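J.: Sequence and predicted structure below; questions after.
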Amino acid sequence: MAGSQIERAFNLLERLTSAPRGLPLQTLAEELDIPKSATHRMLAELMRLGYVRQNAESSRYHLSTRLVAMGFRYLASSGADIVQPILEQLAQQTGELVRLGVIDGERQTWIAKAQGARSGLRYDPDMGRDAPLFYTASGHAWLSSLSDAQALLLVERQGIADPAEFGPNAPKSNAELLERLRIAREHGYAWVVESSAVGTSALAAVVRHPLDGHALGVLSVAGPSARMSEARMHELAPVLLAAVAELSAASPASELFV
C-alpha cells in the first residue's frame, strides 16, 4: 500500500479498530501491504505514544483506550451535549435505535446514538462506521439530497460491498437505486426493509444547515423488521422529521456539524 508514513500509521490504527481481539504483526503487514520491518517500527512508535498495546501472551497488537478517550473529549466539547438530548427524545418516542451520521466530504459517519428499545429485540450496531450508501436508509437519504449523477459517483467511489453482506431487498442495480432516491425525494425521507441486513428496517432524513440548506448529516431510526414494518415507519416519519428540524436549528451551535 503506497502512502506517507503518517498515512501508513493511520491505516494501521484504522485496521485495529475492527479487530478487538488484536492482530499479529504478520497479518497487519500483509493486509496493509507494508514491509514487515516497517510495520514493526511503526507499531513500536505507536506503542511508545500510547495508541497501541501488545498482548504479552499472544503478541497480538491492540488499540489502547487513548483514541477512545480523545474521541469522547472531542464530543464533549463539540456540541454533543446539544445534540444528544434530541436523539434521546426521538429514541424514547420511537422505542428504537436512533443514530446520527455526519457528512464530511464524501463520507457519512455514524457518530452518536440513543437506544429506545428497553426490552425484547434490539438493533444496536457500533458507532464510528461509515454508512454504506448503496443499501442503507442513511445512505439513501443523503444520496436523495444530491443529483442522480452525484449520487452514483459517490456510490462508485465508496464501492459496493459483497452482496452476501447485505439484505435480500437491497437495490439490484443503479436504476433501482435511483428509483428509491426519487421516492425518497417525494416523501422527504428514505426507508428500507431488510436491505442492509435480514430482519432489520430503518428510515432516515437529512439534517440541513438552517441558512443555505446544504446537507450536514443524516438522522435515522432503525430496528427489527418485526416491529418496524413499512407502515410503522411511515407512522414514525413525522417525529423523525420534527427531530431533524430541531437538529438543523441547533446545528450552528454544534461543532459536530462542520
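T.: Looks like it came in fine. Just so we're clear, the structure is a prediction, and the values are computed from it rather than from any experiment.
J.: For the rest of this, base every contact and every neighbour count on C-alpha atoms.
T.: Will do.
J.: Strands along this structure, start to end?
T.: 52-54, 61-63, 97-104, 107-115, 190-193, 200-208, 215-224 (DSSP state E).
J.: Mind putting those strands into CSV with mean neighbour count?
T.: Output for the strands of the chain, formatted as CSV (neighbours: other CA atoms under 10 Å):
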stretch, mean neighbour count
strand 52-54, 20
strand 61-63, 24
strand 97-104, 24
strand 107-115, 21
strand 190-193, 28
strand 200-208, 27
strand 215-224, 26
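J.: Tell me which of those strands sits nearest to residue 140.
T.: Put simply, out of the strands of the chain the one that sits nearest residue 140 is strand 190-193, at 6.0 Å, with distance taken as CA to CA.
J.: Pull the CA coordinates from that closest one and hand them back as PDB.
T.: Listed next in PDB are the C-alpha coordinates belonging to strand 190-193 (Å, rounded to 0.1, in the frame of the first residue of the first chain):
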ATOM      1  CA  ALA A 190     -35.800   7.300   2.900                       C
ATOM      2  CA  TRP A 191     -36.700   3.900   4.300                       C
ATOM      3  CA  VAL A 192     -35.600   0.300   3.700                       C
ATOM      4  CA  VAL A 193     -36.800  -3.100   4.800                       C
END
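J.: Direction included, what does that strand pair up with?
T.: On the basis of DSSP bridges, the sheet neighbours of strand 190-193 come out as strand 200-208 (antiparallel).
J.: which residues are contacting the partner strand?
T.: Residues from elsewhere that reach strand 200-208, judged by CA atoms under 8 Å, 6 or more residues apart in numbering: 123, 136-138, 141-142, 145, 188-195, 214-225, 228-229, 233, 237, 240-241, 244-245, 247-248.
J.: Pull out the C-alpha coordinates of it and format them as CSV.
T.: Backbone C-alpha positions of strand 200-208 (Å, rounded to 0.1, in the frame of the first residue of the first chain) are rendered in CSV as follows:
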residue,chain,number,x,y,z
THR,A,200,-33.8,-5.0,10.1
SER,A,201,-35.6,-1.9,8.9
ALA,A,202,-34.8,1.8,9.0
LEU,A,203,-35.9,5.2,7.9
ALA,A,204,-33.7,8.3,7.7
ALA,A,205,-33.8,12.0,6.8
VAL,A,206,-31.2,14.7,6.1
VAL,A,207,-30.2,17.3,8.6
ARG,A,208,-29.6,20.6,6.7
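J.: Would you mind getting the angle between that strand and strand 97-104?
T.: In this structure, strand 200-208 runs at an angle of 40 degrees to strand 97-104, with axes from the mean of the first three to the mean of the last three CA atoms, to 10 degrees as the basis.
J.: Relative to the whole chain's centre, how far out is strand 200-208?
T.: Using CA atoms, centre = their mean, to the nearest Å, the distance from the centre of strand 200-208 to the centre of the chain it belongs to is 12 Å.
J.: Same check on stretch 33-41?
T.: Between the centre of stretch 33-41 and the centre of its host chain there is 30 Å, according to CA atoms, centre = their mean.
J.: Identify each buried residue in it, please.
T.: Residues of stretch 33-41 classed as buried: 34, 39-40 (neighbour count, 16 or more other CA atoms under 10 Å).
J.: can you check stretch 246-255 too?
T.: By neighbour count, with 16+ other CA under 10 Å as the criterion, the buried positions of stretch 246-255 are 247-248, 250-251, 254.
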